[in-house]
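1. this is a predicted model, with the sequence first.
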Amino acid sequence: MAGNRKPETSLSPPASPLARSLGCLAMLHLCVGAAPPATPWPVTLREKMVRLNAVGFRLGTTAAKLCPRTAAGTGLTLDYIEAYDAGDRPAIRELLKMSDRPQIAAVAPGSPADQAGVVPGDEIAAIDGVSVEQIRSRSRDASLFADELEDLLAAKPADAPIALALDRGGERRIARLQPVAICSARFVIKTGRGFDGFTDGTNAALSDTLIGFARNDDELALVAAHELGHIVNRDAQARSIAQRRAMEDRADLMGVRLSYCAGYDPVNAQAFWLRRDAQDWLRFLRDPTHRSRKARVALMREEARHLECPPQTLAAQGLPDHTTETQTK
């Protein structure tokens, strides 16, 4: 789903009565007629961050040699209290055990951070001897501080270790991470967007609704790999619907290759699109840039019969536009 929209990295959804809902949960007998609220959104959002981080790390390392740019991969996703609306922060501090320091939100299994003993909930005190307070003083936007720290880590040399000073349960420890080469494209979560995924050519965004719809990591990986496929394929603004459809086809094919070589099952994952098709039968009226979902699944299933690793780009195989003729018949 290519486009020119830049992914937003703020994780805070529209203003919500989070603190009031939590108060009702704690003293339900005082909230006349109130039913216990569902799992608070900060908790479910954090769970989605964990899922996307694990999938994104595996896809990013798989695509490293195919992407336009690489970065130092650590396997970390960070969170920061000021990314959230001020009124929600007291409740979020309690729910996610956050302080005023950046927190490790997710650690991808098998990643450099995982191997170095970093765990979710650790707080970052310093990076390579520079305190987070010093780094924070140069931040351009407190709400994006976690993203800035991730960018800082990604810009480190991939052949040199990174020293993280971490606070865990009141104890200071040093973790030394040896980064690996990873595609520089980052996956971010968009809230309040409905069912959506897109890329700006640099990073990729998936809506929290879309992530929640994925029943397993195979499904999430296939959808995320589609967006990464646009970046690998160097897709830009299309000049026509036919060209855009060809881009979407190629992204589907590349998504199958990347997800398979990252260790996921792209055939099992296609249930995602068939399930979505059953719920969204008017899609063709508002989205002429894609094949029907059943036709997309047929295309991807055919591709899955000829998979090899490491993945190659279509251009490397001399097939830059082979889908254009197919989809315009």
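-> Great, that's in hand. Numbers count the residues shown, from 1 in each chain.
2. make it CA atoms for all contacts and neighbour counts henceforth
-> Fine.
3. so which strand or helix has the nearest residue to residue 294 once chain neighbours are set aside?
-> Excluding the flanking residues, the one nearest residue 294 by CA to CA, 6 or more residues apart in numbering is residue 274, at 6.6 Å. Using DSSP states H and E, residue 274 maps to helix 271-279.
4. low-confidence ranges in the protein?
-> 1-37, 280-287, 315-329 (pLDDT under 70).
5. residue boundaries of the strands in it?
-> 70-73, 76-79, 103-107, 123-127, 130-131, 162-168, 171-177, 180-183, 187-190, 197-199, 204-207 (DSSP state E).
6. out of those, which gets nearest to residue 117?
-> Closest approach to residue 117 among the strands of the chain (CA to CA): strand 171-177, 6.9 Å.
7. quick check: angle from that closest one to strand 162-168?
-> With axes from the mean of the first three to the mean of the last three CA atoms, to 10 degrees defining the directions, strand 171-177 sits at 150 degrees from strand 162-168.
8. what's near enough to touch residue 102?
-> Contacts here follow CA atoms under 8 Å, 6 or more residues apart in numbering; on that basis residue 102 touches 78-81, 123-125, 132, 146.
9. what's the local residue count around residue 306?
-> Neighbours of residue 306 under the rule other CA atoms under 10 Å: 8.
10. if I look at it, how far off is residue 253?
-> Computed as CA to CA, to the nearest Å, the residue 306 to residue 253 distance reads 11 Å.
11. out of the contacts of residue 102, which comes closest to residue 162?
-> residue 124 (12.5 Å).
12. what about the nearest residue to the closest one once chain neighbours are set aside, how many neighbours?
-> In space, and not counting its chain neighbours, residue 124 is closest to residue 166: 4.8 Å by CA to CA, 6+ apart. By the criterion of other CA under 10 Å, residue 166 has 23 neighbours.
13. the one 10 residues further on now?
-> Applying the criterion other CA under 10 Å, we find 19 residues in the vicinity of residue 176.
14. pretty sure it is touching residue 164, no?
-> Yes - Residue 176 lies in contact with residue 164 (CA atoms under 8 Å); the separation is 6.3 Å.
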